[in-house]
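Novice: this one's structure only:
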């Protein structure tokens, strides 16, 4: 779990990496599937270490965190700021918490999910590094302003 997003933002800025915010809930079967089939293998494999920083935000346990501006607040307040209403939701943000790729809501096609996740990580990474938009994967271009 990432309970200090301001510190995470500093690391992301220094390394020119996007942050993957995973909004999840304890009693969410799709969240468990996401963790077991995608996120945990990504962490263990090591090939994403130089591409993205992953942080989990648990919404249904009353947890608190430090947001990107340094304020200590409830995780649900952060989810409200982003308009997150479904778990799991994946946001791809920069060091200041601004979305840099299309968000991923739920899991509707597990067999395609990994490819879409890779595309969004790539889009966010290219965006954070200021690379020409013509190189970005089309599937993850839509972002919501924060």
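Specialist: All right, it came through fine. Every value quoted in this text rests on a predicted model; they were computed, and no experiment measured them.

Novice: in whichever helix in the chain runs longest, what counts as buried?
Specialist: The single longest helix within the chain, with elements called by DSSP state H, is helix 110-128. Counting neighbours by 16 or more other C-beta atoms under 10 Å, one finds that the buried residues in helix 110-128 are 113, 116-128. Quick note: C-beta positions are derived from backbone N, CA and C, even for glycine.

Novice: wait, residue 97 sits on residue 9?
Specialist: Yes - using C-beta atoms under 8 Å, residue 97 is in contact with residue 9, at 6.9 Å.

Novice: what touches both of those two?
Specialist: Residues touching both residue 97 and residue 9 by C-beta atoms under 8 Å, 6 or more residues apart in numbering: 19, 68.

Novice: all strands of the chain, in order?
Specialist: 19-24, 53-58, 64-66, 72-74, 89-93, 104-105 (DSSP state E).

Novice: Export those to a markdown table and append columns for mean neighbour count, mean pLDDT and distance to residue 33.
Specialist: A markdown table is the format used below for these (neighbours: other C-beta atoms under 10 Å; pLDDT from 0 to 100; distance: least, C-beta to C-beta, whole Å):
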| stretch | mean neighbour count | mean pLDDT | distance to residue 33 |
| --- | --- | --- | --- |
| strand 19-24 | 24 | 98 | 11 |
| strand 53-58 | 20 | 96 | 14 |
| strand 64-66 | 17 | 96 | 24 |
| strand 72-74 | 13 | 96 | 26 |
| strand 89-93 | 26 | 97 | 13 |
| strand 104-105 | 18 | 94 | 13 |
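
Novice: Having no further points to raise, I will conclude here.
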